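Undergrad: what shape does this take:
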Amino acid sequence: MASLQDQFLKAGLVDKKKAQSSKKAKNKQHYQQNKGQQQETETDKARKLAEKAKQEQAERSRELNRQQREEADRVAIQAQIRQLITMNRINRSRGELAYQFADGNKIQSIYVTDKLQQQLADGIIAIVRSGEGYELIPRQVIDKIVQRDESCLVILNDSKNEVAAEDDPYADFQIPDDLMW
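TA: The predicted model follows:
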């Protein structure tokens, strides 16, 4: 079966030159359509990649901002703790008794007076970690510090008197709260 163009040529309705130019125009139009589709798919791919990169960048930025906020909050809390300790620490410069306590798995000692030692034993004051050293802080301030960071607290004795069991044979013998080593 011959094409429509060939039939028009045989019938003499169209000359050979016009048929070729029509064929070229048709091929050119077909080429332009295919090229346009390829360009559209490439631009769609580029657009999708750009959107994906933009979303990833936004996610990274959000994560970085969250980490920076957390770090700023941590620094602010540490500054508040330092301020509470420096404003409320108890002067122990005249201490003559070595008060020894366990900090983690190490034995540490600070010098305190008799009155401070009794207050430590009764739970009126506590020992907190301050930088490289230790400070004595009143119990009211300790509660504020523990709300912010529990790891600062080293020693806080309970002031509650425990009720001994009735059948305890050693009930008459009181165990001291603080042993001097």
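Undergrad: remind me which residues of this protein are low pLDDT?
TA: 1-2, 5, 13, 36-40, 159-166, 175-181 (pLDDT under 70).
Undergrad: show me where this structure has its helices.
TA: Along the chain, the stretches classed as helices by DSSP state H are 4-11, 16-88, 114-122, 139-148.
Undergrad: just those: most buried one?
TA: helix 114-122 (a mean of 16; mean count of other C-beta atoms under 10 Å). Using the backbone N, CA and C atoms, a C-beta is placed for each residue, glycine as well.
Undergrad: what packs against that one?
TA: Secondary structure elements in contact with helix 114-122, counted by 3 or more C-beta pairs under 8 Å, 6 or more residues apart in numbering; DSSP states H and E, are strand 97-103, strand 125-130.
Undergrad: chain center to the first one: distance?
TA: Translated: strand 97-103. Strand 97-103 sits 35 Å away from the centroid of its parent chain (C-alpha atoms, centre = their mean, to the nearest Å).
Undergrad: kindly report the same for the last one.
TA: On the basis of C-alpha atoms, centre = their mean, the separation between the geometric centre of strand 125-130 and that of its chain is 27 Å.
Undergrad: partner strands of that strand, with direction?
TA: strand 133-138 (antiparallel), strand 153-155 (antiparallel) (DSSP bridges).
Undergrad: picking that back up, tell me which of the helices and strands packed on helix 114-122 lies nearest to E70.
TA: Closest approach to E70 among those (C-beta to C-beta): strand 125-130, 22.0 Å.
Undergrad: now stretch 115-123: how far from the chain's centre is it?
TA: 38 Å.
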